[in-house]
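Asker: Dropping the sequence and predicted coords here.
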Amino acid sequence: MTVESVFTGLKVLDASSFIAAPAAATLLSDFGADVIKIEPPGKGDPQRMLSSVPPSPRAEANYSWHLANRNKRGMVIDLKSPAATEILKRLVRWADVVITNFPHGTREKLHLGYEEISGWNPAVVYADITGFGDAGPDAGQPGFDLTAAWSRSGLLASTRDAGAPPTVPVWGSGDYMTAIAIYAAIVTALYRRERTGLGASVGTSLLATGIWATGTLVAGALADGTPFQLHDRKAPANPLINPYETADDEWFMLVASPAHWPGLTRAIGHPELVADPRFADVEGFVKNAAALAEMLDAEFRSQPFAHWKEALTRERVTYSLIQTPEEAARDPQLRANDIVVPLEGVRGLEYTVNSPVNVRGVEKVPAKRAPDLGEHNDEVLTELGFSPADIAELRARGAIPGPADAGAPG
């Protein structure tokens, strides 16, 4: 059954690699866009290998490939071959949206620069992602999410406890955050095109989205604010916003405000603390943070999480169990809200992670496996008007691989 959705009929050329840019194309595909992904000959997009690179979880299925590339058709084209330019030109003229993340300079050599692309299709929405932006001394530097989005932005330096060295955060998280940003830019440009008929060049960088994620702290620095020291859970800047351990070795994050303080005192069985002058206002919480954190530590360690879940919920104090990714994957809240959805066609992978963009009352396209390497070459080339003889000539000239060179499983 074909599902009609928001972007049914929209044509997208995904000329990108790894995670952020391809995932933006996946967001469009979730709402019905016809996405053609092009990969280089050989092993294709390096994203195909990421599920097997430590510290990615070991699994039979290539889960990361299907997460970032589901619902797409796949082609292998050697853009370095002069004969490939005609294929690319026809794909660009076919497309409403072109997405790339090749570095400046490289993209122009591969005929993927905006000037050439827009010359072939003036109405196209051209979207690109860089590591550090289009200008400045580091514009040409390569960037990954761990370097550009996390390290350069201040986010990584801020997400650790006092005395602890920087760690390796969740790899790919900056990429998926950036995918939402470039998706938003594409949709904004498409809306503008509906009103004006004009194409557009839109973009973002991993650094920009990392700074946006660190926005409260960076904005504070722009205001010449005095920063607090790195978090110390035994002497936090605010003991009402702190992780605590329970008697059964679970950890939960408490996120309360002074308005929650009376309810919190009742939840821990010490309502008399409401009258304690040490905790009469925000300044008191800060000044006596170590004493309160020690007190809360002792109380929370005295009972299992189930007890605190009931007590804190009853008093409407905000908290959350700190779950592992494995626990999160089993959380019934995910299936109840379609945060994870069934994936069709992949052995050992029944579900995948849904994109977080939803339009209530509008169905998304059911998630289907990502393409095998070069799976749709002949199909797409035929749609673009290449005859069997043309396709044979393209193979002979090295623009596309022969049948034996494609079709590697994802």
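Answerer: Cool, the structure landed.

Asker: Against residue 40, how distant is the closest residue to residue 15 other than its chain neighbours?
Answerer: In space, and not counting its chain neighbours, residue 15 is closest to residue 100: 4.6 Å by Cβ to Cβ, 6 or more residues apart in numbering. C-beta: built from backbone N, CA, C; applies to glycine. Per Cβ to Cβ, to the nearest Å, residue 100 is found 13 Å from residue 40.

Asker: quick one, strands of the stretch 301-410 of the chain?
Answerer: Here the stretch 301-410 of the chain has its strands, by DSSP state E, counting those that start in this stretch, at 319-321, 340-344, 351-353, 367-368.

Asker: Give me the distance between the closest residue to residue 206 other than its chain neighbours and residue 126.
Answerer: Closest residue to residue 206 apart from its sequence neighbours, by Cβ to Cβ, 6+ apart: residue 148 at 3.6 Å. Distance from residue 148 to residue 126, counting by Cβ to Cβ: 21 Å.

Asker: and what of residue 395?
Answerer: 29 Å.

Asker: likewise residue 100?
Answerer: 8 Å.

Asker: and if you look at residue 159?
Answerer: Taking Cβ to Cβ, one finds residue 159 at 34 Å from residue 126.

Asker: Which one's more surrounded, those two?
Answerer: residue 126 (25 against 14; other Cβ atoms under 10 Å).

Asker: so how far is residue 307 from the more buried one?
Answerer: 56 Å.

Asker: longest helix of the protein?
Answerer: Scanning the chain for the longest helix, with DSSP state H as the assignment, gives helix 173-196.

Asker: Stretch 257-269: which residues count as buried?
Answerer: 260-261, 263-268 (16 or more other Cβ atoms under 10 Å).

Asker: Which of those fall within strands?
Answerer: Secondary structure from DSSP state E places none of the buried residues of stretch 257-269 in strands.

Asker: which ones among those are found in helices?
Answerer: Those of the buried residues of stretch 257-269 lying in helices (DSSP H): 261, 263-267.

Asker: Next, format these as CSV and append distance to residue 316 and pLDDT.
Answerer: Output for these, formatted as CSV (distance: Cβ to Cβ, whole Å; pLDDT from 0 to 100):
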residue, distance to residue 316, pLDDT
261, 12, 97
263, 6, 98
264, 10, 98
265, 13, 98
266, 11, 98
267, 10, 98
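
Asker: and residue 127, which of the three is it?
Answerer: Recorded secondary structure, residue 127: strand (DSSP: H, G, I helix; E, B strand; the rest coil).

Asker: Perfect, I'm done here.
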